[in-house]
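1. Got a sequence here, can you build the structure:
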Amino acid sequence: MKYRVLGRTGLTVSVVGLGTWQLGGEWGKTFTQAEADAILDKAAECGVNLIDTAECYGDHAAERLVGDYLSRRERDRWIVATKFGHAFRGFMDRADRFKPEEVRAQLIASLRALRTDRIDIYQFHSGPDEAFLDDGLQAVLEEARRAGMVRNLGVSIRGEGSDVQAREAFGRGFGVLQVVYNRLDARAESAVFPHARRFGLGVIGRVPLASGLLSGKYGALDTFGPDDYRSTLGQEEVARRVREAERLAGGDPPLGVSRARWALAWCLRDPVVAAVIPGAKTPEQAAENASAADLLSGRIP
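-> Numbering: from 1, shown residues only. The predicted model follows:
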């Protein structure tokens, strides 16, 4: 594993972390605690130290799986990032919860679910600019930081982007920008990275495998079950993304390197990206993802 400093936070994170949306039950599988433990143990064995989760991956379901695990392991070896701003109502159904009193309640619920006394990175989760700019919300977050419940603040910028949030994050006390970043969607390079460099903000890249479509495991005719979020993309969009992934893979990866590892290493070729957070459904996937760090000493086109 290799490690980078996450901007001004001073946190040293593994360049490959572990995303946990899949643990919330919206990726075609319901996980037991034993299955979650096995994935997290394998990630730890491979040197991963960053876990990213959220309040609405299930109704704190992913947080509870992570929290149960952490309660039986060494908490201090992990950097735990979670998010706020939504209430889970059902499969791919969320309600915004960005009012200060709502966020205060979410924070307490996340701390309880995670079985911890502090959250290392607490992230504004894909919300509107007006909520992000609310001074009442900022006051609640600063209070939580002073109390030690939150160590650092981050912004998980919604998929369509927000120049306001990227530009104003530093001035409002946020030290981390989490963005969609992969070979099919590199908009963050022009929309977010310049702000990160200017203000010394840490960047975390999410969906680095484009929801698995860059892994080479799926064809244009493949379909996903109704309990898998990718089914909501529509068959035409899935096929388009798979075809584009196949086109991009035309000249790479090198012999013996999987397309998944190559795609993850591509996201890390710019040192402004401190870490990527692919999900994993099995310990084997967690290990393969982590091994992408081995490619960073080579040239990633």
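2. Using PDB, list the CA coordinates for the helix or strand harbouring E102.
-> Assigned by DSSP states H and E, E102 belongs to helix 100-114. In PDB, the C-alpha atoms belonging to helix 100-114 read as follows (Å, rounded to 0.1, in the frame of the first residue of the first chain):
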ATOM      1  CA  PRO A 100     -29.000  22.500  11.600                       C
ATOM      2  CA  GLU A 101     -31.100  20.600  14.200                       C
ATOM      3  CA  GLU A 102     -31.500  17.700  11.700                       C
ATOM      4  CA  VAL A 103     -27.700  17.500  11.200                       C
ATOM      5  CA  ARG A 104     -27.100  17.600  14.900                       C
ATOM      6  CA  ALA A 105     -29.400  14.600  15.400                       C
ATOM      7  CA  GLN A 106     -27.800  12.800  12.400                       C
ATOM      8  CA  LEU A 107     -24.400  13.200  13.900                       C
ATOM      9  CA  ILE A 108     -25.400  11.600  17.200                       C
ATOM     10  CA  ALA A 109     -27.100   8.800  15.300                       C
ATOM     11  CA  SER A 110     -23.900   8.200  13.200                       C
ATOM     12  CA  LEU A 111     -21.600   8.200  16.300                       C
ATOM     13  CA  ARG A 112     -23.900   5.600  17.900                       C
ATOM     14  CA  ALA A 113     -24.100   3.500  14.700                       C
ATOM     15  CA  LEU A 114     -20.300   3.600  14.300                       C
END
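3. could you give me the average pLDDT of whichever helix or strand comes after it?
-> Remark: after helix 100-114, the chain's next helix or strand is strand 119-125, criterion DSSP H and E. When pLDDT is averaged over strand 119-125, the result is 98.
4. Within its sheet, name the partner strands of strand 119-125 and how each one runs.
-> Counting by DSSP bridges, the strands paired with strand 119-125 are strand 79-84 (parallel), strand 150-156 (parallel).
5. so which of these comes closest to G173?
-> Nearest to G173, of all these, is strand 150-156, at 5.6 Å by Cβ to Cβ. The way it works is simple: take the backbone N, C-alpha and C, and place the C-beta from them, glycine included.
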